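*Asks:* no sequence on hand, only this structure:
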């Protein structure tokens, strides 16, 4: 049908606007509002011509820059009281004079519907393949329970829920035969249902804010894993970031052989896919068509990051010790482990992303007595410091409450529960979702020099660190100037070393107060804001530069 039927899209755009001055030429996202409807129409596989009807020189200039023909609206067709039917009919007649031909379908697209998809416009046009359709109107489902007043009883009653549709201003298409100065509707009308964002019609400032959220929405892949070697902190960091990116489309991509990370994600409502080899990884990423790929896997290869870059993705790496960090667009290193000092590498605790539960905890108040000790050595605890420290505390003669939190990757759970089941002051927990409650209730915490020490610091709980490996030993944050007692490599320590240090801290009230003060002087609640304040302009610059690449 559509090969022989000429289809015209008319976009009415006046220069005036009450609530939002100069609305049609204001920048939404990164381009003028009117450009969205022009692009939607020009990308259609059915539309032959796109014409903008306006009374404004700036709108004319911008519309032509984006590829539309412009017809001038006469003064008697300007003003809010002028029916839109007359404006569209006038634009049609002017355009037909220019092309020396008549159109068969005329479509009104409002510039105030920037989220409308070309695919939806094409679906509306395809409805004309049915010969009994004269006009197509865009609508959105508007099913709500309603209440009415019964005048006889003076009481309100609930109306049954019925299927209703509310007309939007996005699309009104009609056969040329039925278009006149007074009407754009034929006898037989069909509806094209829009999704909510497509139905946004910008009339008020609130509408603009909503549309801007959708226009700026991006597709973001998190490539992350959790397994014994790298622990679980990476996946929890990515989950914290994802929770703050509500207005974007998110996908986690995990290696199917690392069940620890998969088990964690299954507990949360976060979309994820699994991959096998590298080829499968690229396939999974490509299928999502992301704008941004965030890697949090500790060690990326030069080939992997270069391949992502060659595909046009904006690549951000966290805590990356691999060669891939050299070519990533941005690298964030909260532990200051990297040797890179390029302008795109950002180091320091200000880039640590704290989990949400820590934002709402009150800071620790130090008391004279130590009544509660917490042991939490991360998601894996490869060296089983949990058991070593427990034995050291018991040897010290401490008999008050000891809480132990085992991570999801801890492999000796049954053994340790059996070993300490007769110790009534020892409580062992796993699979908890409120670790901040345990931390703020503790008077002293034992942990490794991983991400947990940042969480401890945010609450100001006196902490003794045992490093799991040389990498943790190299991290500078867990030191005395930040309020920590760092005992170095835990494997080099005897139980007596740990017991002596513990007793010293228990008995030194002033030291614990000083540790608390130093920790709370460090504000860790703005890590995501620090990261995002760099990512956002960098991504914009990246997209701007790529516009000029062929």
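*Replies:* All right, it came through fine. Source: prediction; values computed, not measured. Numbering: from 1, shown residues only.

*Asks:* least confident secondary structure element in the protein?
*Replies:* Across the helices and strands of the chain, mean confidence by mean pLDDT, DSSP states H and E is lowest for strand 155-159: a mean of 66.

*Asks:* so where is the stretch 451-550 of the chain shaky, pLDDT-wise?
*Replies:* 547-550 (pLDDT under 70).

*Asks:* mind listing the strands for it?
*Replies:* 463-467, 484-489 (DSSP state E, counting those that start in this stretch).

*Asks:* now swap in the stretch 201-350 of the chain and tell me
*Replies:* Going by DSSP E, counting those that start in this stretch, the stretch 201-350 of the chain shows strands at 219-224, 249-255, 272-275, 292-296, 314-318, 330-333, 345-347.

*Asks:* nearest to residue 169, out of these?
*Replies:* Ranking the strands of the stretch 201-350 of the chain by their distance to residue 169 (criterion: C-beta to C-beta) puts strand 249-255 first, at 26.1 Å. Just so you know, the C-beta spots here come from the backbone N, C-alpha and C atoms, and that holds for glycine as well.

*Asks:* and the angle for the helix of greatest length in the chain with strand 292-296?
*Replies:* Counting by DSSP state H, the longest helix found in the chain is helix 527-546. Computed by axes from the mean of the first three to the mean of the last three C-alpha atoms, to 10 degrees, the angle separating helix 527-546 from strand 292-296 equals 140 degrees.

*Asks:* who touches helix 527-546?
*Replies:* Residues outside helix 527-546 that contact it (C-beta atoms under 8 Å, 6 or more residues apart in numbering): 30, 218, 240-241, 244, 291-292, 312, 314, 316, 329-330, 332, 334, 344, 346, 349-354.

*Asks:* what do you get for stretch 422-431?
*Replies:* Against stretch 422-431 from outside (C-beta under 8 Å, 6+ apart): 390, 394, 399-408, 410, 413, 416-417, 420, 438.

*Asks:* can I get the buried part of those residues as one ChimeraX selection?
*Replies:* For the buried members of those, the matching ChimeraX selection, counting by 16 or more other C-beta atoms under 10 Å, is:
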select :390,394,401,402,403,404,405,406,407,408,410,416,420,438
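
*Asks:* in strands, which of the contacts of stretch 422-431 appear?
*Replies:* Secondary structure defined by DSSP state E assigns 401, 402, 403, 404, 405, 406 of those to strands.

*Asks:* and those, which is closest to residue 76?
*Replies:* Of all the ones in strands among the contacts of stretch 422-431, residue 76 sits closest to residue 405, with 76.4 Å by C-beta to C-beta.

*Asks:* that closest one: what's it in contact with?
*Replies:* Counting by C-beta under 8 Å, 6+ apart, residue 405 touches 374, 375, 376, 429, 430, 432, 435, 438.

*Asks:* in terms of pLDDT, where does the residue nearest to residue 112 when sequence neighbours are not counted sit?
*Replies:* In space, and not counting its chain neighbours, residue 112 is closest to residue 202: 4.3 Å by C-beta to C-beta, 6 or more residues apart in numbering. Residue 202 carries a pLDDT value of 94.

*Asks:* could I get the buried residue list for the following helix or strand past the least confident helix or strand of the chain?
*Replies:* The helix or strand immediately downstream of strand 155-159 is strand 165-175, counting by DSSP states H and E. Within strand 165-175, the residues scored as buried using 16+ other C-beta under 10 Å are 168, 169, 170, 171, 172, 173, 174, 175.

*Asks:* so what's the residue count around the closest residue to residue 232 other than its chain neighbours?
*Replies:* Nearest non-adjacent residue to residue 232, counting by C-beta to C-beta, 6+ apart: residue 379, 2.9 Å away. Neighbourhood size, residue 379 [other C-beta atoms under 10 Å]: 26.

*Asks:* residue 379: what's it in contact with?
*Replies:* 226, 231, 232, 233, 260, 407, 408, 409, 410.

*Asks:* ok, now how distant is it from residue 234?
*Replies:* Taking C-beta to C-beta, to the nearest Å as the measure, residue 379 falls 10 Å from residue 234.

*Asks:* hey, what's in contact with both of the two?
*Replies:* residue 226.

*Asks:* measure residue 76 to residue 55 for me?
*Replies:* Taken as C-beta to C-beta, the span from residue 76 to residue 55 is 11 Å.

*Asks:* between these two, which has more neighbouring residues?
*Replies:* The neighbour comparison of residue 76 against residue 55 (other C-beta under 10 Å) goes to residue 55, with 18 against 9.

*Asks:* surely that one is in contact with residue 72?
*Replies:* Yes. Residue 55 is within contact range of residue 72, at 7.2 Å (criterion: C-beta atoms under 8 Å).

*Asks:* pull out the buried positions in stretch 292-300.
*Replies:* Buried, per 16+ other C-beta under 10 Å, within stretch 292-300: 292, 293, 294, 295, 296, 297, 298, 300.

*Asks:* who touches that stretch?
*Replies:* Defining contact as C-beta under 8 Å, 6+ apart, one finds that stretch 292-300 is touched by 218-225, 230, 234-235, 237-238, 241, 285, 305, 308, 313-325, 328, 535, 539.

*Asks:* then stretch 10-24?
*Replies:* For stretch 10-24, contacts defined as C-beta under 8 Å, 6+ apart pick out 26, 32-34, 37-38, 41, 50-56, 58-59, 63, 68, 73, 78, 80, 84, 87-88, 91-92, 95, 106-112, 202-205, 208.

*Asks:* out of these, which sit inside strands?
*Replies:* Judged by DSSP E, the contacts of stretch 10-24 include 32, 50, 51, 52, 53, 54, 106, 107, 108, 109 as members of strands.

*Asks:* residue 479: which of the residues you listed is nearest?
*Replies:* Minimum distance to residue 479 across the ones in strands among the contacts of stretch 10-24 is 52.9 Å, recorded for residue 32 (C-beta to C-beta).

*Asks:* what's the residue nearest to residue 232 sitting at in phi/psi?
*Replies:* Phi and psi for residue 379, reported as degrees, to the nearest 10, are phi -70, psi -20.
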